[in-house]
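Student: What follows is a predicted structure for the sequence shown.
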Amino acid sequence: GAVVSQHPSRVICKSGTSVKIECRSLDFQATTMFWYRQFPKKSLMLMATSNEGSKATYEQGVEKDKFLINHASLTLSTLTVTSAHPEDSSFYICSARDSGGSEAFFGQGTRLTVV
Amino acid sequence: AQSVSQHNHHVILSEAASLELGCNYSYGGTVNLFWYVQYPGQHLQLLLKYFSGDPLVKGIKGFEAEFIKSKFSFNLRKPSVQWSDTAEYFCAVNRRNGNNRLAFGKGNQVVVIP
């Protein structure tokens, strides 16, 4: 299957700083990428849909100024958590699908810890 | 918006036992259905999917799932589990011909005791 790579896999940052997470489709072009947040013992919560070359579509309740998404190329989307706070600590997962497919492929996730 | 329900968050069973995980969704339109597995420390991987055709779908590692439209269900089964099946299992749904936004259930944490 297609490969989606997420980087970094773990990051610890100080409260008030910003953190950038990268999501790359390695062997296909991803016109659409999705960013999820996973809470312990809870489902994956879709945060936003990232479309190449246009603005991301955020789900209700997700602050777009807090979670900046950029999808500048067909193989890369980035999520920047700005002015991070401890409550932003979570597991963030991206997924991507190619232009012709119905299946989404997932990155390995990023464990963010804000101290 | 569609929602997905998975029951019995924690499942503990012995090797060779049979496993069935329930999944129910709320959307009334045409849907695509998925089961994903997340092994400890690894990313989500697709176990199997249903788009159309035979409602009994066979996936990797001996898993299968049956789509029952009248019950809005897509239950996952494996006749005889192994220790290596210890993982978290997620059911997911998206709308056919939609924008591919997946709605996930809360997951089932399955622990297989050797």
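Tutor: Arrived safely, thanks for sending. Numbers count the residues shown, from 1 in each chain, chains lettered A, B, ... in the order given.
Student: Now do the strands in chain A.
Tutor: Under the criterion DSSP state E, chain A contains strands at A:4-7, A:10-13, A:19-25, A:30-38, A:44-51, A:57-58, A:67-73, A:76-81, A:90-98, A:105-106, A:110-114.
Student: what does chain B give?
Tutor: Under DSSP E, chain B gives strands at B:4-5, B:10-14, B:19-21, B:24-25, B:31-38, B:45-50, B:56-58, B:64-68, B:73-78, B:87-95, B:103-104, B:108-113.
Student: want to throw these into TSV with mean pLDDT, mean neighbour count and distance to chain A?
Tutor: Every C-beta, even on glycine, is put in place using the N, C-alpha and C of the backbone. Output for the strands of chain B, formatted as TSV (pLDDT from 0 to 100; neighbours: other C-beta atoms under 10 Å in any protein chain shown; distance: least, C-beta to the nearest C-beta, whole Å):
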stretch	mean pLDDT	mean neighbour count	distance to chain A
strand B:4-5	92	18	8
strand B:10-14	95	12	9
strand B:19-21	97	18	14
strand B:24-25	95	19	13
strand B:31-38	93	23	6
strand B:45-50	92	18	7
strand B:56-58	96	14	13
strand B:64-68	97	18	15
strand B:73-78	97	20	15
strand B:87-95	92	22	7
strand B:103-104	89	22	4
strand B:108-113	95	17	8
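Student: quick one: low-confidence parts of chain A?
Tutor: Applying pLDDT under 70 to chain A flags residues A:1, A:41, A:99-102.
Student: Return the residues of it in contact with chain B.
Tutor: Contact residues, chain A versus chain B (C-beta under 8 Å from any C-beta of the partner chain): A:1, A:6, A:32, A:34, A:36, A:41-44, A:46, A:49, A:93, A:95, A:97, A:102-109.
Student: how about the strands of chain A in CSV, adding mean neighbour count?
Tutor: CSV is the format used below for the strands of chain A (neighbours: other C-beta atoms under 10 Å in any protein chain shown):
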stretch, mean neighbour count
strand A:4-7, 20
strand A:10-13, 14
strand A:19-25, 21
strand A:30-38, 24
strand A:44-51, 21
strand A:57-58, 18
strand A:67-73, 17
strand A:76-81, 22
strand A:90-98, 23
strand A:105-106, 22
strand A:110-114, 18
